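Asker: no sequence on this one, just coordinates:
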């Protein structure tokens with residue numbers, strides 16, 4: 001046997017060392033943020049929210065660019081159309097309330113906007129990838145994620161230029177490192193071609209989708225962003241509109257009436273997104289990159305609505321046709337159309353609080369509130385983010 005000085009010591013794993021160092025740095029950063037909140041007058045470590053997304057988080061951007069909104073959208077909370085594709089408030093609205101931030105003004109809205117606590121770059125029908133055709137051909141918004149990022153860059157430039165001149169509707173230049181950056185986008189990339197090219201066809205370009213999201217986070221990090229929340233893709237196999245329009249057999253429906261094959265494809269995408277965010281997190285050691293599993297919350301709402309005080313899971317509140325889904329692709333919520341010689345209208349139910357789905361594609365305010373409450377609980381974050389320590393959370397109502 002050799003002497004003790006000749007014995008080999010176990011080699012340290014470089015990846016584990018880097019992983020530990022990254023976690024340590026993120027932990028220190030979080031502790032500092034918590035201390036700053038507890039020592040100061042601020043009720044939250046995040047003084048603003050900057051949101052990127054599609055109709056699931058658009059607070060009026062699309063309708064500012066293409067004015068045409070009409071009732072019954074907005075009927076529950078705002079009592080009139082308010083730029084949102086639902087009967088009331090969205091997840092981003094409830095999240096803003098919880099963080100003591102006013103409703104986000106759309107970046108594209110020129111009248112009545114206040115950007116002191118952030119901005120919303122989301123627009124209805126937006127995609128992560130740049131659309132290949134125009135809105136009037138494909139129905140997809142021209143404001144893809146890359147365009148929204150460019151708008152954010154321009155916003156920062158203008159803030160740096162104008163705030164020093166006394167502009168009262170803009171935040172201070174220091175706001176960008178004290179903000180929460182949220183993403184709720186990707187559904188249109190997944191669904192816009194699904195009926196024509198199928199699951200296999202869509203899966204060919206989904207790696208580009210998650211790569212673009214990661215790239216956008218890195219660029220926002222370069223602008224000063226340090227906390228990013230990315231909401232994953234919803235279980236579209238339970239949506240009334242897709243249950244009506246996507247090809248499937250009865251054998252593809254589970255016991256809750258949702259399409260198994262499409263929901264499985266969504267889970268695969270979400271796993272891909274989660275892994276991409278894990279890699280991004282490792283590259284941005286001084287940032288929080290949070291994967292938010294809203295999919296699980298929505299799936300439970302669709303499958304067990306009664307457990308959450310809701311009556312209908314896979315049936316739309318606002319639509320035409322009645323039956324199991326109350327959705328007709330020929331006449332969308334709030335619209336009139338002549339079908340078989342008869343003028344019909346897709347009208348809203350009188351009790352949207354009893355529905356998960358508002359119009360077959362979007363969630364009701366009631367569902368959005370339940371999703372937000374689940375998010376704020378913290379159990380759907382990966383990795384964990386103790387919002388209750390970072391903010392004196394305002395009750396969501």
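Answerer: Cool, the structure landed. Owing to the predicted nature of the structure, the values given are computational and were not obtained by experimental measurement. Numbering: from 1, shown residues only.
Asker: Now do the closest residue to residue 295 other than its chain neighbours against residue 286, distance only.
Answerer: Once flanking residues are discounted, residue 295 sits nearest to residue 232: 4.9 Å by Cβ to Cβ, 6 or more residues apart in numbering. No exception for glycine: its C-beta is placed from N, CA and C like everyone else's. According to Cβ to Cβ, to the nearest Å, residue 232 and residue 286 sit 24 Å apart.
Asker: More neighbours: the two, which one.
Answerer: Between residue 232 and residue 286, counted using other Cβ atoms under 10 Å, the more crowded position is residue 232 (24 against 11).
Asker: and the more buried one, what does it touch?
Answerer: 270, 273-274, 291-295 (Cβ atoms under 8 Å, 6 or more residues apart in numbering).
Asker: low-confidence ranges in the stretch 101-250 of the chain?
Answerer: By pLDDT under 70, the stretch 101-250 of the chain has no low-scoring segment.
Asker: ranges for the strands of the stretch 251-397 of the chain?
Answerer: Ranges of strands within the stretch 251-397 of the chain are 288-292, 312-316, 336-339, 342-345, 355-357, 381-382, based on DSSP state E, counting those that start in this stretch.
Asker: okay, the ones you listed in CSV with mean pLDDT, mean neighbour count and distance to residue 67 next?
Answerer: Putting the strands of the stretch 251-397 of the chain into CSV (pLDDT from 0 to 100; neighbours: other Cβ atoms under 10 Å; distance: least, Cβ to Cβ, whole Å) gives the following:
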stretch, mean pLDDT, mean neighbour count, distance to residue 67
strand 288-292, 98, 22, 32
strand 312-316, 98, 25, 25
strand 336-339, 95, 12, 19
strand 342-345, 96, 11, 21
strand 355-357, 98, 29, 26
strand 381-382, 98, 17, 37
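Asker: Identify whichever of these lies nearest to residue 165.
Answerer: With Cβ to Cβ as the measure, strand 288-292 is the member of the strands of the stretch 251-397 of the chain nearest residue 165 (32.7 Å).
Asker: what about residue 85, neighbour count?
Answerer: Residues near residue 85, counting by other Cβ under 10 Å, number 24.
Asker: check contacts around it.
Answerer: If a contact means Cβ under 8 Å, 6+ apart, then residue 85 has 55-56, 58, 73, 124, 358-359, 361-362 as its contacts.
Asker: residues in contact with residue 266?
Answerer: So residue 266 contacts 190, 233-237, 295 (Cβ under 8 Å, 6+ apart).
Asker: go on, residue 151?
Answerer: By Cβ under 8 Å, 6+ apart, residue 151 lies in contact with 107, 121, 143.
Asker: Kindly report the same for residue 239.
Answerer: By Cβ under 8 Å, 6+ apart, the contact set of residue 239 is 314, 357, 360-361.
Asker: if we go to 10 Å?
Answerer: For residue 239, the contact set (Cβ atoms under 10 Å, 6 or more residues apart in numbering) comprises 187, 191, 245-246, 258-259, 262, 298, 302, 314, 316, 325, 327, 356-357, 359-363.
Asker: Likewise for residue 210?
Answerer: 128, 186, 189, 230, 269-277, 279-280.
Asker: Try it again at 6 Å.
Answerer: By Cβ atoms under 6 Å, 6 or more residues apart in numbering, the contact list for residue 210 reads 272-273, 276.
Asker: Closest to residue 389 out of the residues you listed?
Answerer: Nearest to residue 389 out of these is residue 273 (Cβ to Cβ; 26.2 Å).
Asker: And the helices in this structure?
Answerer: With DSSP state H as the criterion, the chain has helices at 14-39, 61-65, 91-98, 135-138, 145-162, 187-191, 194-203, 206-222, 240-245, 260-283, 294-303, 365-377, 387-390.
Asker: what number of residues lie near the residue nearest to residue 211 when sequence neighbours are not counted?
Answerer: Leaving aside its sequence neighbours, residue 211 sits nearest to residue 276 (Cβ to Cβ, 6+ apart; 6.8 Å). Using other Cβ under 10 Å, the number of residues around residue 276 comes to 22.
Asker: do the same with residue 319
Answerer: Residue 319: 28 neighbours (other Cβ under 10 Å).
Asker: Please apply the same query to residue 114.
Answerer: Count around residue 114 with other Cβ under 10 Å applied: 15.
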